[in-house]
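In: From the sequence below, what's the structure:
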Amino acid sequence: MADVKARASEITEAESTRLWARTTGSKALFERALRTMPQGVPSSFQAWDPYPVYLREGKGSRVWDVDGNEYIDFHNGFGSMVVGHAHPKVAEAIEHAARTGTHFAAPTEATVLYAEELCRRFKAESVRFCNSGTEATMSAIRIARAATGREHIVKIEGSYHGHHDAVMFSVVPNSDLMGGREAPATTPMSNGIPAVMAEYTHVVPFNDLEVLSALLDERGDEIACLILEPVMMNIGICQPEPGYLQGLADLLHRHGALLIFDEVKSGATIAAGGAVERYGVVPDLACWAKAIGGGTPAAAFGGRADVMEAIGHGAAQQGTFNGNPLCAAAGLATLTEVLTPDAYEGLAKLGTRLAEGCARAMAENSIPGHAVDLGAKGCVSYRPEPLRNYRDFLETNPDLYLASYPWAMNRGVFMTPGDEEQWTISVQHTEADVDRYVDQFADFCAALATA
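Out: Predicted coordinates:
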């Protein structure tokens, strides 16, 4: 392992130097952006040391940066672009909305049709719209609190659910700040969060019903809900064990609490109906964003009609741009015309081809890691065994990912800049695109194995 880490460090230095030499336009734009935006980016997730690569355009499965470098896009907007870039059907829907009115702050027929499709696809009875995953999880938690009359919530250790105060705890805690397995610490991720908020948010491990059961036995009458990604996706990809999701629902309902699925990343990516379809468990509430909007800032939450009725009884949920006709048109085209059953069959084939190719490359070169294949999503995690929870993720080797990122970028593969993220395949990717990813990754593994 020491030799592999040393080799990874050498690759990181050499490939990073090459990448920065190829992206001088990004450097110049970054220096300009620093004058008007903190860190030179519109979102902290886009920051990178010494600067991020700034993109100019995208079409199909490809993107181009401001220096004119072409890449096959496996980043795809952190999973938003399962439709690929500039898909004709989505572009047509957006163009029509642009010519007939992008915003009214009044309900439209497109919004109603969009709501009906979300309910059908994700087995929800009632939905409301918003504009981001953060807004969706924030609203779902408020509705759960209102419906139950309780104030405390539970989240999973190491999970991210947006940047509102209630869930900005135990997102990426360092090992010395985590606490014990049976009592994970409620550690804030950000400055600016009132300390008192920690009293209302409790943390439990993923794939562990015992710790949750003990918490509910002690404080169940205070807890409104548990929110979780049914597949943890900010540590690579960590799947629920058989029976875990149903076990959560049973435990929570026994104590009068609600189950919320955060499907911002998994919805419409791991299956047409997200985790509800793949694992067969229907939560009380769920949150969707990213892939449901075809590249527009569309988001929604919903679930049981009796729970959602809290909105009509004093639980505030507003937003000037909620369900606007532009996002509704793009989202409706995405879900009904692009992400069809045939599309998911194609995504599954490409995903399996990609994950198997990566797994083969690691095995042939004795690289400690495993590959995950889950619909349009997948990843390589540099730990031999699959992840069960966040503490397993801390055993992965980030040095290998740090080397793989500039290596891939220099070979025309655009990837997410972090070892906790994954690839996203779009309906516009081809077998040749996937094979190019596998080929560069195989070369990377061979380079790592070279003493």
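In: centroid residue for the chain?
Out: Within the chain, the residue whose C-alpha comes closest to the C-alpha centroid is residue 265; the distance, by C-alpha atoms, centre = their mean, is 3.5 Å.
In: which residues touch stretch 348-361?
Out: By C-beta atoms under 8 Å, 6 or more residues apart in numbering, the list of residues contacting stretch 348-361 from outside reads 367, 370-378, 380, 423, 425, 429, 431, 434-435, 437-438, 441-442, 444-446. For glycine as for every other residue, the C-beta is placed from the backbone atoms N, C-alpha and C.
In: which stretches of the stretch 151-300 of the chain have low pLDDT?
Out: Regions of the stretch 151-300 of the chain meeting the criterion pLDDT under 70 cover residues 175.
In: Strands of that one, start to end?
Out: Counting by DSSP state E, counting those that start in this stretch, the segments of the stretch 151-300 of the chain that form strands are 152-156, 179-180, 183-184, 201-204, 223-228, 258-262, 285-288, 299-303.
In: what's the closest of these to residue 29?
Out: Within the strands of the stretch 151-300 of the chain, the stretch nearest residue 29 is strand 299-303; the backing value is 28.5 Å (C-beta to C-beta).
In: Quick check: can you name the pairing partners of the closest one and their directions?
Out: Using DSSP bridges, the strands paired with strand 299-303 in its sheet are strand 126-130 (antiparallel), strand 285-288 (antiparallel).
In: hey, which of the ones you listed is tucked in deepest?
Out: Counting by mean count of other C-beta atoms under 10 Å, strand 285-288 has the highest mean neighbour count of these, with a mean of 30.
In: Identify the residue nearest the residue nearest to the centre of the chain in space, chain neighbours excluded?
Out: The spatial neighbour of residue 265 that comes closest, neighbours along the chain excluded (C-beta to C-beta, 6 or more residues apart in numbering), is residue 233 at 4.4 Å.
In: what does residue 119 give?
Out: Using C-beta to C-beta, 6+ apart and skipping residues adjacent in sequence, the residue nearest residue 119 is residue 127, 6.0 Å away.
In: Would you mind measuring from that neighbour to residue 329?
Out: In this structure, residue 127 lies at 17 Å from residue 329, with C-beta to C-beta, to the nearest Å as the measure.
In: Strands along the stretch 351-451 of the chain, start to end?
Out: Counting by DSSP E, counting those that start in this stretch, the stretch 351-451 of the chain forms strands over residues 370-374, 377-381, 413-414, 423-424, given from the N-terminal end onward.
In: which one of those strands lies closest to residue 18?
Out: Go through those one by one with C-beta to C-beta and the one that ends up closest to residue 18 is strand 413-414, at 14.1 Å.
In: Distance from the chain centre to that closest one, please.
Out: Going by C-alpha atoms, centre = their mean, to the nearest Å, the spacing between the C-alpha centre of strand 413-414 and its chain's C-alpha centre is 18 Å.
In: what are the pairing partners of that strand, and which direction each?
Out: In the sheet containing strand 413-414, the strands it pairs with under DSSP bridges are strand 70-73 (parallel).
In: average pLDDT across the strand it pairs with?
Out: Strand 70-73 shows a mean pLDDT of 98.
In: Check stretch 35-49 too.
Out: The predicted model gives stretch 35-49 an average pLDDT of 93.
In: contacts for that stretch?
Out: Counting contacts by C-beta under 8 Å, 6+ apart, the residues touching stretch 35-49 from outside are 30, 31, 33, 34, 51, 52, 78, 417.
In: Return the member of those residues nearest to residue 203.
Out: Closest to residue 203, out of all of these and judged by C-beta to C-beta, is residue 78, at 23.7 Å.
In: Secondary structure element holding the closest one?
Out: Assigned by DSSP states H and E, residue 78 belongs to helix 76-79.
In: which one is residue 157 nearest to, not counting chain neighbours?
Out: Sequence neighbours aside, residue 184 is the residue nearest to residue 157 in space, at 4.5 Å (criterion: C-beta to C-beta, 6+ apart).
In: Ok, residue 434 next?
Out: That would be residue 354: by C-beta to C-beta, 6+ apart, it lies 4.8 Å from residue 434.
In: What's the local residue count around the one you found?
Out: 25 (other C-beta atoms under 10 Å).
In: From residue 371, how far off is it?
Out: Computed as C-beta to C-beta, the residue 354 to residue 371 distance reads 8 Å.
In: So for those two, which residues contact both of them?
Out: The contact sets of residue 354 and residue 371 overlap at residue 378 (C-beta under 8 Å, 6+ apart).
In: The residue nearest to residue 227 when sequence neighbours are not counted bridge partners, please.
Out: The shortest distance from residue 227 to any residue other than its chain neighbours is 4.2 Å, reached at residue 260 (C-beta to C-beta, 6+ apart). Beta bridges link residue 260 to residue 227, residue 285, judged by DSSP bridges.
In: residue contacts, residue 260?
Out: With contacts defined as C-beta under 8 Å, 6+ apart, residue 260 is in contact with 137, 140-141, 144, 225-228, 283-287, 303.
In: ditto for residue 307
Out: When contacts are counted by C-beta under 8 Å, 6+ apart, residue 307 is found next to 143, 144, 147, 258, 284, 285.
In: Pretty sure residue 364 sits against residue 443.
Out: No. Between residue 364 and residue 443 no contact is recorded; they are 11.7 Å apart, counting by C-beta atoms under 8 Å.
In: What's the separation between the nearest residue to residue 87 once chain neighbours are set aside and residue 43?
Out: Counting by C-beta to C-beta, 6+ apart, residue 338 is the residue found nearest to residue 87 once chain neighbours are left out, at 5.9 Å. Noted for residue 338: a distance of 25 Å to residue 43, by C-beta to C-beta.
In: Tell me which of those two has more neighbours.
Out: Per other C-beta under 10 Å, whichever of residue 338 and residue 43 has more neighbours is residue 338, with 20 against 10.
In: Look at the more buried one and report its pLDDT.
Out: As predicted, residue 338 sits at a pLDDT of 98.
In: And it, its phi and psi?
Out: Phi and psi for residue 338, reported as degrees, to the nearest 10, are phi -110, psi -50.
In: same deal with the one 3 residues further on?
Out: The main-chain torsion angles of residue 341 are listed as degrees, to the nearest 10 and equal phi -50, psi -40.
In: so it makes contact with residue 271?
Out: No. Under the criterion of C-beta under 8 Å, residue 341 lies out of contact with residue 271, with a separation of 10.5 Å.
In: the more surrounded of those two?
Out: Remark: of residue 341 and residue 271, residue 271 carries more neighbours, 20 against 7, as counted by other C-beta under 10 Å.
In: ok, so what distance separates that one from residue 193?
Out: Between residue 271 and residue 193 the distance, using C-beta to C-beta, works out to 34 Å.
In: and if you look at residue 130?
Out: The value you get for residue 130 to residue 193, if C-beta to C-beta is used, is 21 Å.
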